[in-house]
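Asker: quick one: sequence plus predicted model below, questions after.
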Amino acid sequence: MVGLVTWQAALLGLGLTVVALLLTIWWRQQSGRWPIVLLICLAAAPLLSWWSGQAFEVADYRAGCDGLCLGSVGAPIPFFQGQAAGGNFLPGSFLVNCLVFLALLLGWSAVMRAVLRNLRVGARDQLWWQVVGGLVMLIGPFLLSPLYLPPPQAHVRGDAQRIAINAQREIYLYDDQASAAILRASLVDVRPRPDTQVGMRVCLRLYTFFYLPSGFMYLDMTPEGVHSNHGGVLSLEKTCWD
């Protein structure tokens with residue numbers, strides 16, 4: 001996740017616009033169907049940006065903050081501020097986020113076209129293998145995206161950061177309680193244990209295939225903050241502090 005001030009957002013938006021225009025020119029030179037490709041990407045970009053707001057949320061958090069750190073919604077460019085700020089929607093950031101997805105869609109579709117056109121198989125099976133290859137290249141990266149794209153999360157520091165790192169190493173202790181395979185976990189917050197015992201509770205947001213959020217995991221840490229001696233998995237409707 002990238003937090004931007006106004007001038008940074010403007011520069012990034014300008015750069016992404018230039019990239020999108022260059023990719024559109026490339027498509028126009030390569031195929032007479034370029035308007036269809038462009039329209040699909042233009043329609044998909046805001047949908048993906050909206051979806052990122054549903055999937056990627058950093059709640060307002062306390063760990064490593066003097067007061068309350070504001071959370072955000074959306075990725076890779078956050079376009080909605082945390083509840084403590086009144087839940088402000090940032091239209092300029094949403095537009096830049098759309099441009100990020102537009103450039104990615106145009107670029108990846110160009111890579112797909114280049115690969116599929118050079119797919120060397122028998123003429124009889126050419127169309128079949130192009131369809132299969134296209135589906136694999138279209139769905140595969142999105143399916144496994146949690147494995148190589150880190151999600152936005154709370155930016156903690158100091159002792160809270162050490163405890164959070166130790167907790168993430170012990171996800172395997174409770175992953176069998178999850179309703180879906182855990183491909184990635186992002187830090188929500190580090191707070192004192194609610195059971196009044198000495199130590200901290202680490203809360204993680206869980207993601208499965210297609211970067212779908214699947215729930216929360218809480219890990220109650222020992223007083224030293226090195227190991228977890230209690231924990232579990234919760235649904236998205238609950239919080240780690242109930």
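Answerer: Done, it's in.
Asker: after the helix or strand of the chain with the lowest mean pLDDT, which helix or strand is next?
Answerer: In the chain, no helix or strand scores lower on mean pLDDT, DSSP states H and E than helix 126-143, which sits at a mean of 83. Sequence order places helix 159-168 as the next helix or strand after helix 126-143, per DSSP states H and E.
Asker: quick one: buried residues of the longest helix anywhere in the chain?
Answerer: Assignment by DSSP state H gives helix 91-117 as the longest helix of the chain. Using 16 or more other CB atoms under 10 Å as the test for burial, helix 91-117 gives 93-109, 112-113, 116. In this view, the C-beta of every residue, glycine as well, is placed from N, C-alpha and C.
Asker: chain center to that helix, what's the gap?
Answerer: On the basis of CA atoms, centre = their mean, to the nearest Å, helix 91-117 sits 16 Å off its chain's mean C-alpha point.
Asker: cool, and stretch 52-66?
Answerer: Averaging C-alpha positions (CA atoms, centre = their mean) puts stretch 52-66 13 Å from its chain's average.
Asker: what of stretch 102-122?
Answerer: Relative to its parent chain, stretch 102-122 has a centroid offset of 24 Å by CA atoms, centre = their mean.
Asker: any stretches of the chain with poor pLDDT?
Answerer: 1-6, 83-86, 120-126 (pLDDT under 70).
Asker: tell me the domain ranges of it?
Answerer: With domains defined by automatic domain parsing, the chain comprises 6-143, 159-234.
Asker: how about TSV for those, with distance to P152 added?
Answerer: Below are the domains of the chain laid out as TSV (distance: least, CB to CB, whole Å):
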stretch	distance to P152
domain 6-143	5
domain 159-234	7
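Asker: need the winner for burial among the ones you listed.
Answerer: domain 159-234 (a mean of 18; mean count of other CB atoms under 10 Å).
Asker: that one: end-to-end distance?
Answerer: 25 Å (CA to CA, to the nearest Å).
Asker: try stretch 78-94
Answerer: End-to-end for stretch 78-94, by CA to CA: 7 Å.
Asker: show me what contacts Q177?
Answerer: By CB atoms under 8 Å, 6 or more residues apart in numbering, Q177 lies in contact with 232-233.
Asker: before we move on, what about L90?
Answerer: L90 touches 78-81, counting by CB under 8 Å, 6+ apart.
Asker: one step back: for P151, find the nearest of the domains of the chain.
Answerer: Closest approach to P151 among the domains of the chain is made by domain 159-234 (4.3 Å; CB to CB).
Asker: so which residue is smack in the middle of this structure?
Answerer: P151 (4.1 Å; CA atoms, centre = their mean).
Asker: not counting its neighbours along the chain, what's nearest that residue?
Answerer: Spatial nearest neighbour of P151, chain neighbours left out: S186 (4.3 Å); criterion: CB to CB, 6 or more residues apart in numbering.
Asker: this completes my enquiry, with thanks.
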